[in-house]
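Asker: just the structure for this:
(2 chains, ligands or ions: 1)
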Amino acid sequence: MNKNVEYDLIIVGGGPAGAYTGKIASKLGLETLIVEKRQEIGSPVRCAEGVGKKIEEYVNVAEEALAKDVKGARIYSPSNNYIDMLEEDAGAEVGYILNRKVFDQKLVEEAIKAGADVKLKTRASEFEQTEDGIRVKLVNNGASITLESKILIGADGVESLVGKKMDIYNNLKLNEIESCAQFLMTGINGIDLDYTHFYVGNEVAPGGYAWIFPKGDKKANVGIGILPNGTDKSAYHYLKKFVEQREYLKNAKILEEIYGGVPVASPLEEAVDDNVMLVGDSARQSDPLTGGGILNAIKAGKIAGEVAKEAIESNNCKKDFLKRYDERRLEEIGQKNERNYDAKELFQKLSDEELNSLISSLEEVSFESLSVTELVSELIKTNPWLSDEIDGFID
Amino acid sequence: MIEVDSEMCGHCGACVGVCPENALDLVGYNIKVVGECISCGNCEEVCPVNAITRD
Ligand SMILES: Cc1cc2nc3c(=O)[nH]c(=O)nc-3n(C[C@H](O)[C@H](O)[C@H](O)COP(=O)(O)OP(=O)(O)OC[C@H]3O[C@@H](n4cnc5c(N)ncnc54)[C@H](O)[C@@H]3O)c2cc1C
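Answerer: Predicted coordinates for the structure are as follows:
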């Protein structure tokens, strides 16, 4: 090995994507460094913290990382009728509400236990291709250091400096990102906090939805996501309005304000280049219909960690080899995301009247699982005109 | 050019993700203009708290 190459893998970003990639790679014996520019893993939280129980196929959710095990989801039409989806099987999209800060820290802890190095308050700022890998300039507490790695992982979230600097893709367009605002509220009264609650409609949240994700003890994440190209007003404006209009939030108080952007884009065809792979939100892997990105970040992290190991073992970290990451992530995550992107494109065009009639068409339906796939496939069965616009939901 | 009101800013980085010129960066708790701004307005539109204005 060239003595200038200090690591097999440098991972930029210590969120779920970076931490999980780091854990898998370290377990497989790669010398791994995770750099995170924040001073604290998982904070500030930029998430509504909902995740399907499928997550347990990948990580053990510790008791402290779990805020609430929810029974079902309630979906409200613009005219305030609702349908309930009850959880009965493990195919759930939202079953757990996490404490993301604890969850993220545990993931990084697991990466450390597997052998990864972690540097906080360390921002990756420049990247340069070399013969043997990538030279990364890091700014740690204001001082620059340069390290070299065989493979660079961009797990740097929605900002995705790595992807942009390495010319893997251009930026998110305004119809490919949800602009989000959320309050963690306490003292909520008069709504069933064993359920998650979703509100759709062009008045409530143009191009997105509002959510209540309970965290136990009368607390919940109350948030909203909007597509910025559909309105002049900010997500914060819509959230304030939403809160003011709900009787059950009348006496509730805000404990935390959270802002963020979630990619809701179709999957990248290529998320690799010579010696580089993008993972998680930086590769636009969050679900375009729900905005959920935790599970996909972890799924992709597993693939990236394994492919990194294979590449280093084969002594070939070039794009032609790393393309197997693209193939595997497109199959395991991309196909569903592509389908959900089409569904998102359709739903955002619907008027409030159409949304009302779609939701009331499901009033008699009983759901077997709490999944968006099942919700959309039931919608298509009951309203066949939808199938002209979106396929792939019904097998 | 743009101006970021650092007291309104929620330092979430959404603006960084939509900047087509790669001209923004989130450094610590500050959004910094680090490249050439073309005044496209993407950052202004995506900002969840309206902390960005174009001059
Ligand atoms: C309001 C909101 C609500 C959401 N709700 C949900 C939900 O309920 N369920 C769900 O599954 N998903 C949700 N998401 C999406 C979810 O939060 C993301 O998909 C998930 O965090 C992606 O993980 P990641 O590791 O790819 O990126 P992130 O978690 O964003 O981590 C990226 C990390 O990289 C660091 N970083 C960035 N640039 C650099 C650099 N140059 N150098 C060093 N470090 C850097 C950042 O500081 C950050 O810690 C929500 C998002 C938002 C904004």
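
Asker: per-residue pLDDT, A:Asn99?
Answerer: If you check A:Asn99, the pLDDT there is 98.

Asker: was I right to think it contacts A:Glu64?
Answerer: Yes. Between A:Asn99 and A:Glu64 there is a contact at 6.8 Å, judged by C-beta atoms under 8 Å. Backbone N, C-alpha and C define where each C-beta goes, glycine included.

Asker: name the residue in the two with the higher neighbour count.
Answerer: Neighbours were counted for A:Asn99 and for A:Glu64 using other C-beta atoms under 10 Å in any protein chain shown; A:Asn99 has more, 22 against 11.

Asker: who touches residue 31 in this structure?
Answerer: You didn't say which chain, so I picked chain A. A:6-9 (C-beta atoms under 8 Å, 6 or more residues apart in numbering or on different chains).

Asker: right idea, wrong chain: chain B
Answerer: B:4, B:6, B:9, B:11, B:13, B:15-16, B:24-25, B:52.

Asker: kindly reformat these as a markdown table and extend each row with neighbour count, pLDDT and distance to the ligand.
Answerer: Formatted as a markdown table, the contacts of B:Ile31 follow (neighbours: other C-beta atoms under 10 Å in any protein chain shown; pLDDT from 0 to 100; distance: C-beta to the nearest ligand atom, whole Å):
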| residue | neighbour count | pLDDT | distance to the ligand |
| --- | --- | --- | --- |
| B:Val4 | 20 | 96 | 17 |
| B:Ser6 | 11 | 94 | 18 |
| B:Cys9 | 19 | 97 | 15 |
| B:His11 | 18 | 94 | 10 |
| B:Gly13 | 21 | 97 | 7 |
| B:Cys15 | 29 | 98 | 13 |
| B:Val16 | 27 | 97 | 8 |
| B:Leu24 | 25 | 96 | 12 |
| B:Asp25 | 20 | 96 | 8 |
| B:Ile52 | 21 | 97 | 17 |
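
Asker: ranges for the strands of the stretch 151-300 of chain A?
Answerer: A:177-186, A:195-199, A:209-216, A:219-226, A:253-263, A:272-273, A:276-278 (DSSP state E, counting those that start in this stretch).

Asker: among these, which comes closest to A:Gly95?
Answerer: strand A:195-199 (9.3 Å; C-beta to C-beta).

Asker: sheet-wise, list the partners of that closest one with their directions.
Answerer: Using DSSP bridges, strand A:195-199 pairs in its sheet with strand A:72-76 (parallel), strand A:209-216 (antiparallel).

Asker: what average pLDDT does the first one get?
Answerer: So the one you mean is strand A:72-76. Strand A:72-76 comes out at a mean pLDDT of 92.

Asker: for that strand, buried residues please.
Answerer: Using 16 or more other C-beta atoms under 10 Å in any protein chain shown as the test for burial, strand A:72-76 gives A:72-76.

Asker: can you give me the angle the helix or strand just after that strand makes with strand A:72-76?
Answerer: Moving toward the C-terminus from strand A:72-76, the next helix or strand (DSSP states H and E) is strand A:82-86. With axes from the mean of the first three to the mean of the last three C-alpha atoms, to 10 degrees defining the directions, strand A:82-86 sits at 160 degrees from strand A:72-76.

Asker: which helices and strands sit right next to strand A:82-86?
Answerer: If you count contacts as 3 or more C-beta pairs under 8 Å, 6 or more residues apart in numbering or on different chains; DSSP states H and E, strand A:82-86 packs onto strand A:72-76.

Asker: would the strand it packs on count as contacting the ligand?
Answerer: No. For strand A:72-76, no contact with the ligand is found by C-beta under 6 Å from any ligand atom; the gap never falls below 11.9 Å.

Asker: how about residues contacting that strand?
Answerer: A:82-87, A:94, A:192, A:194-200, A:359, A:370, A:375.

Asker: now, of these, which are buried?
Answerer: For the contacts of strand A:72-76, buried by 16+ other C-beta under 10 Å: A:82-85, A:87, A:94, A:195-200, A:359, A:370, A:375.

Asker: quick one, which of those residues has the minimum pLDDT?
Answerer: A:Val94 (61).

Asker: before we move on, the earlier item: ranking the strands of the stretch 151-300 of chain A by burial, who's on top?
Answerer: strand A:276-278 (a mean of 29; mean count of other C-beta atoms under 10 Å in any protein chain shown).

Asker: which residues sit against that one?
Answerer: Contacts of strand A:276-278 (C-beta under 8 Å, 6+ apart): A:134, A:151-155, A:160, A:162-163, A:166, A:168, A:268, A:271-272, A:304, A:307-308, A:322, A:325.

Asker: quick one: strands adjacent to that strand?
Answerer: strand A:143-154 (parallel), strand A:272-273 (antiparallel).

Asker: now it: average pLDDT?
Answerer: 98.
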